[in-house]
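# Take this sequence and fold it.
(chains A and B)
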Amino acid sequence: MKRNETSPHPEALEVDRREFLRVGGALAAAGALASAGCRQPQEATVPFHDMSEKLVDGQGQPRFFASVLDGSPVLLRTREGRPILVAPSPDDASGRGTTLRHHAALMDLYDPDRAPGPVWVRRGKGAPVASAWTVVTSEVVPRLAKGSAVLLTGPVSSPSLKAAIAEISAKTGLVHVAYAPLESDAVATAWLRAFGDARVPRPRLDKADLVVGFGAEFLDDPSDGLERDFALRRAPGGGAPMSRFIQLEGRLTLTGANADRRIRVRDSELASVAAAVAHAVVIGQRAGPLANDAEVAKALAPFAPEVVAKRAGIDPSVLTGLAAELAKARGRAVVLAGGTASASPSGETLEMATLLLNLSIDAFGAGLFDEAAAEAPRAGGARALAALADDLRAGKVATLIVAGANPVYDAPASVRFAEALAKVSFVVSLNDRVDETAALADFLAPASHPFESWGDEALPRGLFAVQQPAIQPLYDTKGLLDLLVAWGAAAGVPGAVAAAVAATAPAPGAAPGAPAPNPNPGWHYLRAHWGRTLLGREPGTPAFEAAWNAVLRDGYLQGPAPAAAPPRRLAVPALALLGSLPEAPAGLELQLYPHFALRDGRGANNGWLQEFPDPVTRISWGGAVSIAPRRFDEMKLANGDLVEVKAGEATLIAPAYRHAGMHHDQVAIPLGLGRSACGVIGNGIGPNAFPLRAISGGRTVSAGIPVTVRRVTGREELAFAQGSDVIDRDRRPLVPATTLTAFEKDAKAGTEQAKGGPSAWPEHKFPDARWAMAIDLSKCNGCGKCVIGCQAENNIPVVGRRGVLDRREMSWIRIDRYYDAPKKDGRWGAEVWDGPLAVVEEPQTLFTPMLCQHCENAPCETVCPFVATMHSEDGLNQQIYNRCVGTRYCANNCPFKVRRFNFWEYSTAKTSALFRALDRRIGRFSDLNTRGLMQMKNNPEVTVRGRGVMEKCSFCIQRIREARAAATRAGRKKDHFADGVVVPACMEACPTGAITFGDIHAPGSRVAALAAHPRAMKLLEATGVKPSISYLTKVRHDKA
Amino acid sequence: MTRLETSPYATVMDDGQLTGHPIVLAGKGPYGGDLEVDEPLVTGGKTWAEVDRDICMHTEQFPTKRWWMAFAVAATALAIGTFAMLMLFYSGMGILGINRPVGWGSFIINFVFWIGIGHAGTLISAVLYLFRQQWRTGINRAAEAMTLFAVACAGIFPIIHLGRPWFAYWLVPYPNARGPLWVNFNSPLAWDIFAISTYGLVSLAFWYIGLLPDLATVRDRATHPWRKKIYNAMSFGWTGSHRAWRHYESAYMILAAFATPLVFSVHTIVSFDFATSILPGWHTTIFPPYFVIGAIFSGFAMVITLMTFMRGYFGLTNYITTNHMEAMAKILMLTGLLVGFAYSTEFFMAWYSGSEWEGFVFKNRAFGPYGWAYAIMFTCNAIVPQIFWWKKMRRHAWVLFVVSILVNVGMWFERYVIVVTSLHRDFLPSSWGMYALTRWDYMILLGSFGLFFTLFLLFVRVLPVIAISEVKGVMDPKVARSAPTDAAPAAGTRR
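Residues are numbered from 1 along each chain as shown, chains lettered A, B, ... in the order given. As a prediction, this is how the structure comes out:
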């Protein structure tokens, strides 16, 4: 530096060569180090522009929108204009509840594979080209006006959409076809023939003492909301006595896994078994109103229990015993079918036999069916689609508009829809992406997500809900209603014209040329329709606006009560359905069941749903051919070995899976997988089993299909989200469970475990609130909505198929599924853990939601050298991401293995081609988590964790701190929190009320009462960790 | 029984003539009976000058082709490991085999393995010194160097096994501006920092002080002025005066006494990483002695491996004689027995405790999916060393070499068994899983061997591989002086 002072140019860089090289070398080394990874994670920020001024006040506060999605009322939580959480509507009078897909809908909204705007697809004869709405409209409208157009949709339950379609049809002759790929029409046919009315009332499971299911799947598909009613009667010691649930089925479903007694009957035999039970009730027991009905007796005559039981390979006493139970519980019992088994060729007979049973035990008369909640099927099955395909082939259709349907992917192979599509001169798809069907269309006119557009929905019990958008369309898309109304207006449909005019009119009193207050024609049409049909007033009048705002606030409107149904009287000709029973397959039969999370595969590009492990098989990211354990062992298979399934002409090669509880003569494959054009996340995941389906008697058949299975060479690892399946509770009392008999003798039954010794640690002091949770395993059915709810609330990344295979799932809460090993006399061998046939052929399934237990003496806390995990004085085991350096010692020392480590930087795209080539996994996480707008779903209250950091359930600490801040603001610093003040995301999502969370020190706290309940058990007492979560015993109703 | 410092009757023997039995001199006892004397520790009738030459020679000539080949292999392995490590820093822990039940994998296995290797050196130089085991003089220098290099290898792993290694310095408790962020003194990982750094520093100091007289010898023999200057600086200007020797001997003794408890404490504390957890299979009180014995066992095995090389390639058979090797084989056999005893005790305790978790872990360990690893461990560690009950085997170079390699394979698998089998199936069966090393794990393991051998090969080129002054101290002066010497005794000759 001294030299510089004497230098004529003191500011000049005056270093000699050596100095330059020395400094330069050090800089280069530092740079190399930095680029090698020693840097802070870079984050893409989401701009918050075009913000409404009014929002500024609410910045940092969530805003809620009551809306409706796919038939269920939901509550949308938004932050800074972004929907960040879908919760069930807190006052859902319709009883519909939500499904996994509702909770995961955010992923669909922010899906980067959605089309960003109209596309000229060119029928697959060239690369798709971006188009414009003006082009699409100019192409569609003249053709629509010309006539011979068909609108093919999925299920439609929106009154205003239906009205718009009807108006357009009246003007242009547009034909509307509604098609649901999973609909088998069996239920509707049977009810129509039996009662002359296809509307199906809702069973009142909350009123039933005995529920018998013949392949019922009301827990696998909870879209009709039965799971909540069912759970009301599943815990003993409440007000009403516990209900007993008996399930007869072929494949172990989630519903069957929750049954008190499960009888293995394959799908094709279920109809005759149901009829045999009816035979035993009506003829054997001479019980119920049908006892003296000669026609019924004649129709049931061929179904003597001895004959049927022999054919089905079960003991006749099982059937007569079941009948005796039903006869005894007459007026308090209900019989259900309607699952995948009803989609077998004998499905109509099964439904008919079920109806007979319900009539014979007087279920209708005793009010076990809610006639006010009766619903007609929202769409038809393959019958309608096959007719449409024939019309297309015959050239009767000039223009086809597809909205919300994807028949090229999901139609049975014999419909040959793609081929029929080629005969239509103009096809436009209104789906949200260039899917399998849209790829063969002329244009894609992408419809907005329901969270981005207006609509409505008719719900059971005379309720009507408004589908209220919570965000502007993210891309250049238009709402379905907007689009149809705009096209209808262009075609001169009067109602649509009025709406379109209103959409361009400036607000009253505004300067001429001012923009219209709401330019969406669908909104105007919707309001006009509601004004006309429900509110009885014109839009714009103060009375209408007041009523409309009330609907928007509440989310629904109680419409006129449905007309009281006449007493159910059986139409005698319907009994003929019992006579037309097709022969059961001689050998193996196939069931094609909807994937638990993805259902018909529409939302297959949803990482949350793909990663959600099937509650029974525990397979995520794909599916397998489920084979009965004994057959599986005889075929010398291992999970993941490829097998070839041949059904008629169609074959499919897929990995095999040893499915506990599967009927020996049945195999099953999930539908909804194997998409080829849904997007980067879902493409090519799992096998596509839709082509294996057949059409028989005009109905789609997905069960009871004769099939052969043989082993082929090769393996495909299955992504299991669970280690071992079997638990020996004598040795490892990790799931409190007992039977009703034992429970009545001793309420503490099932909670026995070894006690721990004294603790060397000083006790924690909890001067103020102390948070705790109780989980009632009798109410929990393992549906997993808590898992998705948590994932959305807490910004939990998706790890992908590879991540699950590597056992690096991130979800903070998981549903452990065990098969209970029968009691032994002290003998034990390691072989128990490999799933011996004795355990898995007739499994007793146990589900345990497993999350951080927030132990009082948390073993994770003592071992962390960085103090990154510690105990709060309100009883939380806190994880401090900033401090965590990632020794993973805490995870090793956690007996519940609930801690999750960020093995990768899930939130950042790694772009280096070199490193991606070296390990292919590196680039995958941005596809799953951060592409496009995906990060907009993130909850700003929760840190996005970087790589190398441990994380785990926080009991939704952001919600706790929010409540605490509110209490502090209100001057109540040392306060206790009443029940319901803090509701974590899992509890919010739980449909059955199995999860209770709260301040255990608050007076009258529910969680305190549950923790002190005789059924309560804290896990692993012998280790002395003292969890904050109490599990209440799973009680199995074993009393016939 | 008093052992004589040197045998007045020692004869000049070659290594091949050694029997491992005392020499019986009939009628030479003080009362006319037989006198049994030990065979000489240095064979070949070496003089002091020859000792200087034999040992310093390797630092004074250009490396041989064989050395270059070995160095190339070691440096390549090191480069591969370094590359894998850079990849790890770039991408995160995901490239490794660890997963949810098995949160610790090859890195912790390697860490414990190398720390274990690092035990023999200090044991040989400090504990055997205090017990006056003079045969240690032939091997202590190389064994201590081995210790340091093993500790260096081990020290890398706890840092790179962190999810965010760039914050590793947070483990050091010092007043800081991060809150201040203090470490959790309850955590055995915090204890590790103290244990390992203390051990590393004391071992380094002990080794370097032992080196001083020998560095002076190298300096005295040096002809090139630069070489003289460098070695002079390294030897801190050692003069060889009586005063210097006196201070040196006291310092050496004090450090030996200081290092001795460390031999036992380090691996005890490393074992606490496991023993203080609540995990069945880790949570056992036998771990501290079990780990220490295992460490001595593996350390001696590594010393045998290295000494076999040194004897062969540097012609040091006169200094590291078959008797030395046999002594080490005896220790190997004894510690092997103790390790086998520990394995059996664990099983007994698992049964005796009546705990389901303990019982299951040990059954699963031996007969579960990782039974093969347990079989390797048990065979290599508890069974194979039993071959040394036969003297012939103890004195057979190839047998020694193969057994020493097998023991280290077995000891690596011992850590594999402890870490992996306890984690992969613990309390909740739903969370059971499997663990396998990925190619990156293997590359980094290879890299650690690369680092170890690179450092060792450099060591044998630049420093005297045998403690010259100490070896001279155990030679028979009559023999050592008898040969004609043209040079004055070097400064580094202990008298």
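
# C-alpha only now, for contacts and for neighbours.
OK.

# Does B:Glu36 fall in a helix, a strand, or a coil region?
Assigned with DSSP: H, G, I helix; E, B strand; the rest coil, B:Glu36 falls in the strand class.

# That one touches B:Pro22, doesn't it?
Yes - at 5.6 Å, B:Glu36 and B:Pro22 qualify as touching, with contact defined as CA atoms under 8 Å.

# which of those two has more neighbours?
B:Glu36 (16 against 13; other CA atoms under 10 Å in any protein chain shown).

# Burial check on the residue nearest to that one when sequence neighbours are not counted, number of neighbours?
Excluding the flanking residues, the one nearest B:Glu36 by CA to CA, 6 or more residues apart in numbering or on different chains is B:Val24, at 4.4 Å. When neighbours are defined as other CA under 10 Å, B:Val24 has 14 of them.

# contacting residues for the residue of chain A at minimum distance from chain B?
Relative to chain B, the nearest point of chain A is A:Gly948 (3.5 Å; CA to the nearest CA). Going by CA atoms under 8 Å, 6 or more residues apart in numbering or on different chains, A:Gly948 touches A:Val885, A:Gly886, A:Phe901, A:Asn902, A:Phe903, A:Trp904, A:Glu905, B:Gly92, B:Met93, B:Leu162, B:Gly163, B:Arg164.

# hmm, 10 Å instead?
Applying CA atoms under 10 Å, 6 or more residues apart in numbering or on different chains, we find A:Gly948 in contact with A:881, A:884-888, A:901-905, B:92-94, B:161-165.

# One more: A:Pro940?
By CA under 10 Å, 6+ apart, the residues touching A:Pro940 are A:Gly60, A:Pro62, A:Arg79, A:Glu80, A:Ile84, A:Glu793, A:Asn794, A:Asn795, A:Gln958.

# how many other residues sit next to the nearest residue to the third one once chain neighbours are set aside?
Right, the one you point to is A:Arg79. Distances taken as CA to CA, 6+ apart place A:Pro62 nearest to A:Arg79, at 4.9 Å, with adjacent residues excluded. Neighbour count of A:Pro62, defined by other CA under 10 Å: 17.

# which residues does A:Pro62 contact?
Contacts of A:Pro62 were listed using CA under 10 Å, 6+ apart, and they are A:Leu76, A:Arg77, A:Thr78, A:Arg79, A:Glu80, A:Gly81, A:Arg82, A:Pro83, A:Ile84, A:Asn939, A:Pro940.

# least trustworthy position among these, going by pLDDT?
pLDDT is lowest at A:Glu80 among the contacts of A:Pro62; the value there is 80.

# Does that residue touch A:Asn938 like I think?
No - contact criterion CA atoms under 10 Å: A:Glu80 and A:Asn938 do not qualify, at 11.3 Å.

# which of the two has more neighbours?
A:Asn938 (23 against 19).

# Hmm, A:Val944 and the more buried one touching each other?
Yes - counting by CA under 10 Å, A:Asn938 touches A:Val944, with 8.1 Å between them.

# so what's in contact with these two at the same time?
The overlap between the contact sets of A:Asn938 and A:Val944 (CA under 10 Å, 6+ apart) consists of A:Asn794, A:Asn795, A:Ile796, A:Pro797.

# Using CSV, lay out those together with pLDDT, neighbour count and secondary structure.
Shown next, in CSV, are the shared contacts of A:Asn938 and A:Val944 (pLDDT from 0 to 100; neighbours: other CA atoms under 10 Å in any protein chain shown; DSSP: H, G, I helix; E, B strand; the rest coil):
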residue, pLDDT, neighbour count, secondary structure
A:Asn794, 96, 26, coil
A:Asn795, 95, 21, coil
A:Ile796, 96, 24, coil
A:Pro797, 95, 25, coil
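
# got those residues as a markdown table, with distance to chain B columns?
Output for the shared contacts of A:Asn938 and A:Val944, formatted as a markdown table (distance: CA to the nearest CA, whole Å):
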| residue | distance to chain B |
| --- | --- |
| A:Asn794 | 19 |
| A:Asn795 | 19 |
| A:Ile796 | 16 |
| A:Pro797 | 14 |
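
# returning to that earlier point: just the closest of the contacts of A:Pro62 to A:Phe364, please.
Nearest to A:Phe364 among those: A:Leu76, at 37.2 Å, using CA to CA.

# mind listing what the closest one touches?
Counting by CA under 10 Å, 6+ apart, A:Leu76 touches A:62-68, A:82-89, A:106, A:451, A:468-470.

# one more time with 6 Å, if that's ok
Listed by CA atoms under 6 Å, 6 or more residues apart in numbering or on different chains, the contact set of A:Leu76 reads A:Phe64, A:Phe65, A:Leu85, A:Val86.

# Buried by neighbour count, from those: which ones?
Among these, those buried by neighbour count (16 or more other CA atoms under 10 Å in any protein chain shown) are A:Phe64, A:Phe65, A:Leu85, A:Val86.

# which strands and helices sit next to the helix or strand harbouring the third one?
The reference is to A:Leu85. For A:Leu85, the host element (DSSP states H and E) is strand A:82-88. Where contact means 3 or more CA pairs under 6 Å, 6 or more residues apart in numbering or on different chains; DSSP states H and E, strand A:82-88 is packed against strand A:72-79.

# picking up where we left off before, find residues that contact each of A:Glu80 and A:Asn938.
With contacts defined as CA under 6 Å, 6+ apart, no residue is shared by A:Glu80 and A:Asn938.

# Which members of the buried ones among the contacts of A:Leu76 are the farthest-apart pair?
Most distant of the buried ones among the contacts of A:Leu76, by CA to CA, are A:Phe65 and A:Leu85, 10.6 Å apart.

# what pLDDT, on average, does stretch B:149-160 get?
Stretch B:149-160 comes out at a mean pLDDT of 95.

# Point to the helix or strand of the chain where mean pLDDT is at its lowest.
This is for chain A. Within chain A, no helix or strand scores below helix A:2-6, which has a mean of 43 by mean pLDDT, DSSP states H and E.

# For the chain, which residues score under the pLDDT cut-off?
If you meant another chain, say so; for now it's chain A. A:1-59, A:513, A:823-834, A:973-974 (pLDDT under 70).

# wrong one, chain B
In chain B, residues with pLDDT under 70: B:1-11, B:482-495.

# picking up where we left off before, would you mind putting the shared contacts of A:Asn938 and A:Val944 into TSV with distance to A:Gly686 alongside?
Shown next, in TSV, are these (distance: CA to CA, whole Å):
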residue	distance to A:Gly686
A:Asn794	28
A:Asn795	26
A:Ile796	23
A:Pro797	21
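
# okay, now residue 175: neighbour count?
Answering for chain A, as no chain was given. Applying other CA under 10 Å, we find 20 residues neighbouring A:Val175.

# meant chain B, my bad for not saying
Applying other CA under 10 Å, I find that B:Pro175 has 10 neighbouring residues.

# How about A:Phe632?
Other residues within reach of A:Phe632, judged by other CA under 10 Å, total 18.

# element containing it?
Counting by DSSP H and E, A:Phe632 is found in helix A:629-634.

# Of all the residues in that helix, which ones are buried?
By neighbour count on 16+ other CA under 10 Å, the buried set for helix A:629-634 is A:Pro629, A:Arg630, A:Arg631, A:Phe632.
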